[in-house]
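[1] Next one to model:
(chains A and B)
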Amino acid sequence: MHIDWWTLALQTVNVLVLLWILSRFFFRPVMDIVAKRQAEANKLLSDAAATRDQATAARAAAEKAIADVTADRDRAIAEAHRAAETEKTEMLAQSSREVARLHSEASAAIARDRATSAKAVVAHARELSVDIARRLLGRLPPTVSFVAFLDGLCREVKALSAESRADLAADAGDAIEIVTAAPLSAEDTDRVRDALHQALGAQPALEFRVEPALIAGIELRSRGTIVRNNWRADLERIGEELDRDERRA
Amino acid sequence: MESPLVTNVLFSIGPVPITETVAATWCMIAALALAAILTSRALKLAPSRTQAVLEAFVGALDDQIRDTMRVAPAPYAPLLGTIFIFIFVANWSSLIPGVDPPTAHIETDAALALIVFLAVIHFGVRARGIGGYLKTFAEPSFVMIPLNIIETFTRIFSLIVRLFGNVMSGVFIIGIVLSLAGLLVPIPLMALELLTGAVQAYIFTVLAMVFIGGAVSDGRSADRQKEKKS
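    Sure thing, here's the model as predicted:
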């Protein structure tokens, strides 16, 4: 066996050339691309980590914002509750005041109505009583009623103090006015004159006059004294008493 | 039958004879260079299936270097990868009819061993310095200097003989069987020879790793510092 040194040298050069070619066009590019991919992967990992950190921070910020919004909402709700409560209280107070005012107004109106009604009732009752009295009186003979009223008038005159009767008689300069509801007959006129002269204990002049408003009865009028005994006076007195009772009520 | 030990000269360039072995190697280099250039142009961040296979090969080579030499693989991967690819492709070139594997000729194996020998010295000196590298011959004692020097050459010689013997014997046996038996009989032997060729490529590469690793092993710290700097 012999060794061809030229072949040995050429093969050595060939292997070195192949080493250069593969190193230049295969190993280094492949190692570079692997390293580049590794760097890209590391960059992606770091970017992903950074993105994850950003996402975590964003989530924390969002949670904080949600918490703030929730707190604001709760605060607003509480304020709204307080405002509503205050407004409700104020409205209730205002309503109470309004109700009280309306109640008082209604009470006053009712009182006024009641007073008006009572007055109307009294007036109506007065008119009714006058009407009733007039009708009842119409059933009696005029003499009967007149005698009864004349007796009453004489009792009242007698019931006056002596001083008053003396004053009444002293006013005779001016005739004493005798007012009746209906014209008197001559007989009744004489009867009145006799009865009054007897009751007064004097004989003053008498002047007779008719006023249908008296309804029934007789009334004595002098300059300083009036003695009534007729239904109109009775009815007026009754009305005044009713008014007093109502005012007291 | 022609002896595999004989190299035929195809032509000469001046005084330089161009043998069949050299021509076959040129063709092989051209094919590998073309493939490497095409591959390098098609490299992308999102790898194709072919690129994934190539990256897996480079990754496996790096892992093997790390496991064997305990150093960063980057400075050594091109040399060791080229040796593996060259021997593997040369051994499997016997599949092409009429082509003798270049590694079946002792000049090619000697060239590979010579490159490993020079690489051991180069990486050893780079890792340790000249003095440091020379001191390795005195380890573990001065008495071992002659033996270490002899070992340096004998282990290179063993590389040559191992690869040459295995490949040449395979080619020889297949040639003998082919001359004696029919056309299909050598096929199992050829398949076995392919397996032997792959194993021999792996063995040669791993032994080169071991030799280079032995030369740089005490200088690992320097390499690590360089790696950190880079």
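[2] okay, CA-based contacts and neighbour counts for the rest of this
    Fine.
[3] The closest residue to residue A:228 other than its chain neighbours: neighbouring residues, count only.
    Nearest non-adjacent residue to residue A:228, counting by C-alpha to C-alpha, 6 or more residues apart in numbering or on different chains: residue A:219, 4.4 Å away. Neighbours of residue A:219 under the rule other C-alpha atoms under 10 Å in any protein chain shown: 22.
[4] Going along the chain from the strand or helix carrying residue A:219, find the next helix or strand for me.
    Assigned by DSSP states H and E, residue A:219 belongs to strand A:217-221. Per DSSP H and E, the first helix or strand lying C-terminal to strand A:217-221 is strand A:226-230.
[5] tilt between that next one and strand A:217-221?
    Orientation of strand A:226-230 against strand A:217-221 (axes from the mean of the first three to the mean of the last three C-alpha atoms, to 10 degrees) gives an angle of 180 degrees.
[6] Rounded mean pLDDT for strand A:226-230, please.
    For strand A:226-230, mean pLDDT rounds to 85.
[7] how about that strand: buried residues?
    Buried residues in strand A:226-230, counted by 16 or more other C-alpha atoms under 10 Å in any protein chain shown: A:227-230.
[8] ditto for stretch B:195-208
    Of all the residues in stretch B:195-208, those buried under the rule 16+ other C-alpha under 10 Å are B:196-198, B:200-208.
[9] Now cross-check the residues you listed against chain A and list the overlap.
    Contacts with chain A within the buried residues of stretch B:195-208, as defined by C-alpha under 8 Å from any C-alpha of the partner chain: none are present.
[10] Make a markdown table out of these and add pLDDT and secondary structure.
    Below are the buried residues of stretch B:195-208 laid out as a markdown table (pLDDT from 0 to 100; DSSP: H, G, I helix; E, B strand; the rest coil):
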| residue | pLDDT | secondary structure |
| --- | --- | --- |
| B:196 | 89 | helix |
| B:197 | 90 | helix |
| B:198 | 92 | helix |
| B:200 | 91 | helix |
| B:201 | 93 | helix |
| B:202 | 94 | helix |
| B:203 | 93 | helix |
| B:204 | 93 | helix |
| B:205 | 94 | helix |
| B:206 | 94 | helix |
| B:207 | 93 | helix |
| B:208 | 93 | helix |
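[11] out of those, which one sits closest to residue B:119?
    Using C-alpha to C-alpha, the shortest approach to residue B:119 within the buried residues of stretch B:195-208 belongs to residue B:208, at 9.0 Å.
[12] before we move on, which element is the nearest residue to the closest one once chain neighbours are set aside in?
    Spatially, and ignoring its direct neighbours in sequence, residue B:208 is nearest to residue B:116 (6.3 Å; C-alpha to C-alpha, 6+ apart). Per DSSP H and E, residue B:116 falls inside helix B:106-128.
[13] Residue A:207 now?
    strand A:206-210.
[14] so where's chain A uncertain?
    Flagging of chain A using pLDDT under 70 yields the residue ranges A:1, A:142-145, A:171-174, A:246, A:249.
[15] Please, which helix or strand holds residue A:192?
    helix A:186-200.
[16] circling back to that earlier point, of all the residues in the strand holding residue A:207, which ones are buried?
    Quick answer for strand A:206-210 (16+ other C-alpha under 10 Å): A:206, A:208.
[17] Check stretch A:66-80 too.
    If you call a residue buried by 16+ other C-alpha under 10 Å, then stretch A:66-80 has no buried ones at all.
[18] again, but for stretch B:93-100
    Those would be B:93-94, B:100, for stretch B:93-100 by 16+ other C-alpha under 10 Å.
[19] quick revisit: check the buried residues of strand A:226-230 against residue A:48 and report the nearest one.
    Of the buried residues of strand A:226-230, the one sitting nearest to residue A:48 (C-alpha to C-alpha) turns out to be residue A:230, at 123.4 Å.
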